[in-house]
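Novice: Whatever this is, show me its structure:
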Amino acid sequence: MKIPSDNPPGDTSKLASFIQGYLESHGAAVPAYEPKEGVVSLFSSLGEGRPHLILNGHLDQFPGDVGEKWTRSPYSGEVMGGELHGRGSGDMKGGLSSLLHCYAKLSAAGPPGKLSFTATSDEETGGQVGR
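Specialist: From the prediction side, this is the model:
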């Protein structure tokens, strides 16, 4: 995902909006929680009972400005030699992409029990605002 969500400053609103739209396009209801302006967390759930599988990831990432020059944009999302490059590709946007794909597929299949997806903000700076 090429959407910056650097923390600090911690604004995850654009990324949350993108994810919310993606999941809603797959039929999921996705309430957003914004305890502080720009610090948005998402939750979606379907089914009930057990088992209860929770797919959880965080929306924020370390800042793109690391004091060193990047060889490509930290938000490029460029794939080279089979590798995804960019800030957040490993922590945590690559993981979020996998969770989103799984949630959409499992939702369509109607899993037994309960299935939840959570995307929280403020993980990189201690989680006091995004919890």
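Novice: make it CA atoms for all contacts and neighbour counts henceforth
Specialist: Noted.
Novice: quick one: least confident helix or strand in this protein?
Specialist: When each helix and strand of the chain is scored by mean pLDDT, DSSP states H and E, strand 83-84 comes last, with a mean of 88.
Novice: so for the lengthiest strand in the chain, what's the average pLDDT?
Specialist: The longest strand of the chain (DSSP state E) is strand 39-47. Mean pLDDT, strand 39-47: 96.
Novice: how about it: buried residues?
Specialist: For strand 39-47, burial by neighbour count (16 or more other Cα atoms under 10 Å) applies to 39-45.
Novice: Not counting its own residues, what contacts it?
Specialist: With contact meaning Cα atoms under 8 Å, 6 or more residues apart in numbering, strand 39-47 is reached by 10-13, 16, 20, 28-34, 59, 107, 110-122, 129-130.
Novice: could you list every residue that touches the closest residue in space to residue 84 that isn't next to it in sequence?
Specialist: Using Cα to Cα, 6 or more residues apart in numbering and skipping the chain neighbours, the partner closest in space to residue 84 is residue 78 (5.8 Å). Taking Cα under 8 Å, 6+ apart, we find residue 78 in contact with 84-86.
Novice: picking up where we left off before, buried subset of the contacts of strand 39-47, written for PyMOL?
Specialist: To isolate the buried ones among the contacts of strand 39-47 in PyMOL, judged by 16+ other Cα under 10 Å, type:
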select buried, resi 10+11+12+13+16+20+28+30+32+33+59+107+111+114+115+116+117+118+119+120+121+122+129+130
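Novice: in the protein, which ranges drop under the pLDDT threshold?
Specialist: The model of the chain has pLDDT under 70 over residues 1, 130-131.
Novice: Run through the helices of this protein in chain order.
Specialist: Using DSSP state H, the helices of the chain run over 13-25, 93-109.
Novice: Distance to residue 73 for these - can I get that in CSV?
Specialist: Below are the helices of the chain laid out as CSV (distance: least, Cα to Cα, whole Å):
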stretch, distance to residue 73
helix 13-25, 18
helix 93-109, 16
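Novice: Ok, which of the ones you listed comes nearest residue 53?
Specialist: helix 93-109 (9.9 Å; Cα to Cα).
Novice: Please, a ChimeraX command that selects the buried ones among the contacts of residue 78?
Specialist: Buried residues within the contacts of residue 78, by 16+ other Cα under 10 Å, are selected in ChimeraX with:
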select :85,86
